[in-house]
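K.L.:
predicted coordinates and the sequence they were generated for:
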Amino acid sequence: MKLFYWNLLLLFMGQVAYAQGDVATKKKTTAVRSTQPIKIDGNLNDSEWAKAPILTSFAQVRPNPGKIEEEHYRTEVKILYDNEAIYIGAKMYDKPSEIVRELRARDQIGNADFFGVFFDTFLDGINANGFFVTAAGVQFDAKYSVDAGEDPNWNAVWESEVQMVEDGWTAEMKIPYSALRFSNKDSQNWGFNLIRNRTGKNEQSFWNFVDPKVNGIVNQFGVLENLEAIKAPLRLAFSPYLSTNVGYFPNPGGPNWTNAFNGGMDVKYGIDKSFTLDMTLIPDFGQVQSDNRILNLTPFEVRFNENRQFFTEGTELFNKGDLFYSKRIGSIPSFSHNINLAPGEKFVQYPQEAKVLNATKISGRTASGLGVGVFNAVTNRMYAQVEDAQGNRRDVENQPLTNYNVFVLDQNLKNNSSVSFVNTNVWRNGSAYDANVSAVLMNLNTKGNKYGMSGGAKMSYLTEATNTADRFGYSYNFSAGKRSGNFLYSYSMNMADRKFDPSDMGFYRNNNFLAQGINLSYNNFKPTKLYNNFQSWVAVEYSRRVKPTAFQSLAFFPGVYMQFKNFWSMELIGNFYGEQHDFYEARNGEMFKTPARQTYALYINPNRAKAYNFGGNIRYTSYDYKEGRTNNYYFFQNLRLNDKFALGLDLYYSPNRNLVNWVTMSGNKSIFSLYDRETVENSFDVKYSFNRKMGITMILRHYWSDRRNKEFMELQSDGYLKAVPTQEAWKKLNRNYNVFNIDMVYLWQFRPGSELSISYKNAGELNEADIRKGYGRNFNQILSHDQQQNLSIKVLYYLDYLQLKKKK
């Protein structure tokens, strides 16, 4: 059960690219200084509110873009400020029976009406901060930027309260200056907008109209003028933590129970008005949600979501150029030593992760528009444990002490275009190789943001190559097109030579390619009698190998999307590939002529404002080889029993027949197999909120997938396959993979920025060569298998220097 409405909002935010626009057409309001204290209780009865002008006449962005809100559903907002904070007072007129108030944990909107405010404090139209509160009183805050879109992991400490009244609901917000970055000018104008979401009616409105036909959202803010004599306070906060955990790990021949007591601290320091230092010392990530592991039969790495907050919060600068994959730091390192085992030795323990000792971020932007970001993290050396036939054990280093660095310069230009420089560096202690990647990026837009172009050049350097020329790799990309309006088009090109490799700190699947594409789309956001909005597109992509040059693929991608008047939506897409020349699947650089294939998919999404909703998709692919086919069926349903209790169930089933892929090597020959595969994935989640500051969530996931080989073939020099007799060893190349996870967390935010969390994690994994047919048999087997289990308790306490000083 995801933040559905925020995903819709991201439909616009994810494409943010600023255009100066005509400031004269933007709404403006004048900031009014308060001279008396304002009590944040949700009641708008403080006399100071009478000073402020009323901001109203919000315009819909959906379902009917540009429509002004109706009188009996209007929104009225007032803005005040003093030497300490910005104050927002809002009244949302509505029928009490139509107000949706689902309780969720902080930073989760769920199904609830909400109100929010955006501040673009440098008036650059590129970066902004958002503060939101639901009708149930739940806070949500986020950071917005061109490259990262919405960053919901960004958190600030601020105050809010809501009240239900007979003709709607009210909200008061106090946003301290310590939560924002801004200049030291005596008089300031900020980019500014207000948002209201009536979830039950699927209506979203802005004070300054956000046109969905225009690329970007921050560039469509209004202006808050004449903030006089405000000063950025000393921003210094400490978040020390204590945690303890007990775990059970099924290690044969060794102790199965572990326990630990940990302590550390997060530090946030405002170096000046624009730059902030974030540091985590001896962090504990034991309560982070488990990765959704799968059976991967491709030659490429699987990309997992980053769930560690420090590595997702405030990283918009570091994500430029897509060179920073934070899972490399501790969670999924790209390097480990090759350990030669003596006869009779075996691994007893082999840690896949590395302990993060500390991590530091410094980021900000100068008054001239120069953004600067510095990131550093250190992971400890890790040791594998080896046991011989006599039971003697020895420790062998499998991961060295490693230092990770990112440096970014990002200069805003006229019309809020930008150029950037990014450098990533990985230094490893000892004989292990080091890695360095540098990139120059640009993003240029016309004044009206109707047209734009972007691109970049990148260079990687690895110290492991003996030949100096082989240490360097290069890549470049370029795109240009029409970005705003109903009809859009673009051309793109992406090239990487065979030596380009940014994977030591980034995520990268393959190199040695030149891909070009053309995209055309037509979007109609004006509602008709049949639909609220309609989108259609078609894309063509052509790819070649760079060296030696050779054809790779030609593909065609059409699709349509429509949201109906009842807020259900349908998407129909097709993917059509001719015969491809695949230089990666064989694992040795040889070419495999992949059969032509055709994919058809239908996606159905419901009106998620309903207490019970369901949807899913059907996907079918046929291959021009031995009647190969894949079928994918996905179904989900969500049920809200009341505002506190909600359930969700996701079901995925994929029966595949007569697929062909690489399976092993025989000498220097690649061996492929014709196989059947069946995949089932079930995920069940439960949420119960005691109140807006306390709740419990649980996610159960079981994943089963297999590979049942039927015939074996040898890859020929012409790229086609030739049947060969089955060798005895190949009979053991079937795969039967099961994963079972439980992630359960109790969270209590007992004061702003401070929380108590209790986490229980259960993980089981089985990777077998023997096929076990039937989902029920596999589910029973993984449940009866030894499970890793961990119970942890963590207390995080927020200390703000200014508050401590005030109390003293």
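P.N.:
Thanks, I have it.
K.L.:
CA atoms for contacts and neighbours, from now on please.
P.N.:
Noted.
K.L.:
for F300, the count of nearby residues, please.
P.N.:
By other Cα atoms under 10 Å, the residues close to F300 number 12.
K.L.:
pretty sure it sits in a helix.
P.N.:
No: under DSSP: H, G, I helix; E, B strand; the rest coil, F300 falls outside any helix and is assigned coil.
K.L.:
that one is in contact with F507, isn't it?
P.N.:
No: judged on Cα atoms under 8 Å, F300 makes no contact with F507 at a distance of 10.4 Å.
K.L.:
in the stretch 251-400 of the chain, where is pLDDT below threshold?
P.N.:
251-255 (pLDDT under 70).
K.L.:
what about the strands in it?
P.N.:
Ranges of strands within the stretch 251-400 of the chain are 257-270, 275-281, 346-349, 356-365, 370-379, 382-387, 393-399, based on DSSP state E, counting those that start in this stretch.
K.L.:
now what about the fifth one, what contacts it?
P.N.:
Strand 370-379 is touched from outside by 317-318, 329-330, 354-365, 401-412, with contacts defined as Cα atoms under 8 Å, 6 or more residues apart in numbering.
K.L.:
point to the residue nearest the middle of this structure.
P.N.:
In the chain, the centroid-proximal residue (Cα atoms, centre = their mean) is N305; its distance is 6.3 Å.
K.L.:
was I right about it contacting R293?
P.N.:
No: judged on Cα under 8 Å, N305 makes no contact with R293 at a distance of 10.9 Å.
K.L.:
got a list of what Q787 touches?
P.N.:
Counting by Cα under 8 Å, 6+ apart, Q787 makes contact with 248-250, 762-765.
K.L.:
related to what we said a few turns ago, ok, which of the strands of the stretch 251-400 of the chain comes nearest Y584?
P.N.:
Smallest distance to Y584 across the strands of the stretch 251-400 of the chain (Cα to Cα): 27.5 Å, for strand 393-399.
K.L.:
chain center to that closest one, what's the gap?
P.N.:
Relative to its chain's centre, strand 393-399 lies at 35 Å (Cα atoms, centre = their mean, to the nearest Å).
K.L.:
any idea how far the closest residue to the residue nearest to the centre of the chain other than its chain neighbours lies from Y508?
P.N.:
Distance criterion Cα to Cα, 6 or more residues apart in numbering; nearest residue to N305, sequence neighbours excluded, is D291 at 7.3 Å. D291 is 19 Å from Y508, where distance means Cα to Cα, to the nearest Å.
K.L.:
from F421, how far out is the residue of the chain most remote from its centre?
P.N.:
Using Cα atoms, centre = their mean, the residue of the chain lying farthest from its centre is Q390. It sits 48.3 Å away. For Q390, the distance to F421 equals 56 Å [Cα to Cα].
K.L.:
over to S47?
P.N.:
In terms of Cα to Cα, S47 sits 51 Å off from F421.
K.L.:
who has more neighbours out of the two?
P.N.:
Neighbours per residue (other Cα under 10 Å) separate S47 from F421, with F421 holding more: 20 against 10.
K.L.:
what residues are bridge-paired with the more buried one?
P.N.:
Counting by DSSP bridges, F421 is bridged to L409, V440.
K.L.:
quick check: it touching A457?
P.N.:
No: judged on Cα under 8 Å, F421 makes no contact with A457 at a distance of 9.8 Å.
K.L.:
so what's in contact with those two at the same time?
P.N.:
Here F421 and A457 share the contacting residues 439-441, scored by Cα under 8 Å, 6+ apart.
K.L.:
list just the nearest of the residues you listed to T199.
P.N.:
T199 lies nearest to L441 out of those, by Cα to Cα, at 39.1 Å.
K.L.:
if I look at the closest one, how far off is T424?
P.N.:
As defined by Cα to Cα, L441 lies at a distance of 14 Å from T424.
K.L.:
and T463, what does it touch?
P.N.:
So T463 contacts 433-435, 471 (Cα under 8 Å, 6+ apart).
K.L.:
which of these are buried, as a ChimeraX select command?
P.N.:
Applying 16 or more other Cα atoms under 10 Å to the contacts of T463 leaves a buried subset, and the ChimeraX line that selects it is:
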select :434,435,471
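K.L.:
in strands only, show me the contacts of T463.
P.N.:
If you go by DSSP state E, the contacts of T463 have A435 in strands.
K.L.:
save the contacts of T463 as a markdown table, and put in pLDDT too.
P.N.:
A markdown table is the format used below for those (pLDDT from 0 to 100):
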| residue | pLDDT |
| --- | --- |
| Y433 | 91 |
| D434 | 93 |
| A435 | 94 |
| R471 | 87 |
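K.L.:
closest one of the contacts of T463 to Q749?
P.N.:
For the contacts of T463, the residue nearest Q749 by Cα to Cα is A435; the value is 41.3 Å.
K.L.:
after the lowest-mean-pLDDT helix or strand in the chain, heading C-terminal, what element do we hit next?
P.N.:
Every helix and strand in the chain was compared by mean pLDDT, DSSP states H and E; the lowest is helix 4-13, with a mean of 36. Per DSSP states H and E, the first helix or strand lying C-terminal to helix 4-13 is strand 28-30.
K.L.:
avg pLDDT for that next one?
P.N.:
For strand 28-30, the mean pLDDT works out to 94.
K.L.:
what is it packed up against?
P.N.:
strand 222-228 (3 or more Cα pairs under 8 Å, 6 or more residues apart in numbering; DSSP states H and E).
K.L.:
and the contacts of the strand it packs on?
P.N.:
With Cα under 8 Å, 6+ apart as the contact definition, strand 222-228 has outside contacts at 26-32, 81, 186-193, 207-208.
K.L.:
filter these down to the buried ones, PyMOL style.
P.N.:
Remark: buried members of the contacts of strand 222-228, expressed as a PyMOL selection using 16+ other Cα under 10 Å:
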select buried, resi 27+28+29+31+32+81+188+189+190+191+192+193+207+208
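K.L.:
and the angle from the host helix or strand of F192 to strand 222-228?
P.N.:
Element membership for F192, per DSSP H and E: strand 187-198. Interaxial angle of strand 187-198 relative to strand 222-228 (axes from the mean of the first three to the mean of the last three Cα atoms, to 10 degrees): 140 degrees.
K.L.:
for strand 187-198, packing partners?
P.N.:
Using 3+ Cα pairs under 8 Å, 6+ apart: strand 187-198 touches strand 114-120, strand 203-206, strand 222-228.
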